[in-house]
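A.B. asks: for reference, the sequence and a predicted model appear below.
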Amino acid sequence: MPNPVPQSDTTRLIVYAVMFLAVLGGTVTLIALGKMDAASGLQWIISGAGLIGSGLGGIKLAQDMRGNGSGGSAE
């Protein structure tokens, strides 16, 4: 079974950028349709970026602590 966690830093950056753009695009769309005001939209963008960034950082930390799945030290 393939590992769904991105293994390289470049892949993690691409995943972060795509997820951020999805949150940004959805928020801008809701503001344009009048379903959300600008202040709430800004809050959604900032919160989304923070949650996505800390989640991807946590995945990297867990991989480093595990030694990339080998069960050994990350040195």
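C.D. replies: That came through, no problem. Numbers count the residues shown, from 1 in each chain.
A.B. asks: which parts of this protein are helices?
C.D. replies: Taking DSSP state H as the test, the helices found in the chain are 9-32, 38-66.
A.B. asks: low-confidence ranges, this protein, go.
C.D. replies: The chain contains residues with pLDDT under 70 at 1-7, 68-75.
A.B. asks: spatially central residue in it, please.
C.D. replies: The centroid of the chain falls nearest to Ile52 when counting by Cα atoms, centre = their mean (3.0 Å).
A.B. asks: tell me the contacts of that residue?
C.D. replies: Neighbouring residues of Ile52 by Cβ atoms under 8 Å, 6 or more residues apart in numbering: Tyr16, Met19, Phe20, Val23. All C-beta atoms are positioned from the backbone trio N, CA, C, and that covers glycine.
A.B. asks: of these, grab the buried ones for ChimeraX.
C.D. replies: Written as a ChimeraX command, the selection of buried residues from the contacts of Ile52, which uses 16 or more other Cβ atoms under 10 Å, is:
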select :16,19,23
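A.B. asks: reformat the contacts of Ile52 as TSV; add distance to Leu61.
C.D. replies: Output for these, formatted as TSV (distance: Cβ to Cβ, whole Å):
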residue	distance to Leu61
Tyr16	15
Met19	18
Phe20	20
Val23	22
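A.B. asks: just the closest of the contacts of Ile52 to Ala62, please.
C.D. replies: Tyr16 (16.3 Å; Cβ to Cβ).
A.B. asks: would you check how far apart that closest one and Leu24 are?
C.D. replies: 12 Å (Cβ to Cβ, to the nearest Å).
A.B. asks: also Ala39?
C.D. replies: Between Ala39 and Leu24 the computed distance is 16 Å (Cβ to Cβ).
A.B. asks: who has more neighbours out of those two?
C.D. replies: Set side by side, Ala39 and Leu24 show more neighbours around Leu24, with 15 against 8, by other Cβ atoms under 10 Å.
A.B. asks: does the more buried one touch Ile45 like I think?
C.D. replies: Yes - between Leu24 and Ile45 a contact is recorded at 5.9 Å, counting by Cβ atoms under 8 Å.
A.B. asks: now do the same contact list for Val23.
C.D. replies: The contact partners of Val23, by Cβ under 8 Å, 6+ apart, come to Trp44, Ile45, Gly48, Ala49, Ile52.
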